[in-house]
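In: how would this look folded up:
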Amino acid sequence: MTKEYPILDPCCGGRMFYFNKANPAVLFCDNRHYNDELCDGRKFEVNPDMTCDFTALPFPDCTFWHIVFDPPHLLKVGKTSWMAKKYGKLPKEWGSFLRDGFNECWRVLKLNGTLNFKWNENDIAVRDIVNAIGREPLYGQKTNPKTHWLTYVKLENTQ
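Out: Prediction:
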């Protein structure tokens, strides 16, 4: 990685919530490349700047000022369904998977940096996710009845 990015999205998927899907401040990562049509005929693409696994990020400690963590959130979905293609599918051991991913994001977050965690409660309640991660968010906001954005700040006393 030659360019320095202040922001990391380690599981960018189709960059669906970005106003600018090519924002030069964001390093878009994902563990897959995908280019196909969804069941409704819309084109869907996952084209990260870098391919990597968010549970084993290839970056030094304290690299990014801001991290957007929007991991897969579905358990009850067919592996090849359009929902799985669009949003990903959690493994059976989802708690340790998400904790490992969160811990990696936390590791590469700079001191006083922020981590925004996006979660949809379709299959797993947000309280269960917070318990699995083992860290309490600073604050969060519901964007609809099931989707939550949780914000974390890496302060000196929370390492």
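
In: ok, E136 touching V130?
Out: Yes. If you go by CB atoms under 8 Å, E136 and V130 touch, sitting 6.6 Å apart. The way it works is simple: take the backbone N, C-alpha and C, and place the C-beta from them, glycine included.

In: the more surrounded of these two?
Out: V130 (17 against 10; other CB atoms under 10 Å).

In: am I right that that one falls within a strand?
Out: No. Secondary structure of V130 (DSSP: H, G, I helix; E, B strand; the rest coil): helix, not part of a strand.

In: residue most distant from the centroid, this protein?
Out: G41 (25.6 Å; CA atoms, centre = their mean).

In: partner residues bridging the closest residue to C52 other than its chain neighbours?
Out: Excluding the flanking residues, the one nearest C52 by CB to CB, 6 or more residues apart in numbering is C29, at 5.1 Å. Applying DSSP bridges to C29 yields these beta-bridge partners: M50.

In: wait, C29 touches D53, no?
Out: No. Between C29 and D53 there is no contact under CB under 8 Å: 9.0 Å.

In: between these two, which is the more surrounded one?
Out: Between C29 and D53, counted using other CB under 10 Å, the more crowded position is C29 (20 against 15).

In: so where does the closest residue to G88 other than its chain neighbours fall, helix or strand?
Out: Once flanking residues are discounted, G88 sits nearest to P72: 3.0 Å by CB to CB, 6+ apart. Using DSSP states H and E, P72 sits within no helix or strand.

In: and the lengthiest helix in the chain, what's buried?
Out: Using DSSP state H, we find that the single longest helix of the chain is helix 94-108. Residues 94-95, 97-102, 104-106, 108 are the ones in helix 94-108 that count as buried (16 or more other CB atoms under 10 Å).

In: related to what we said a few turns ago, let me know the pLDDT of the residue farthest from the centre of the chain.
Out: At G41, the model reports a pLDDT of 83.
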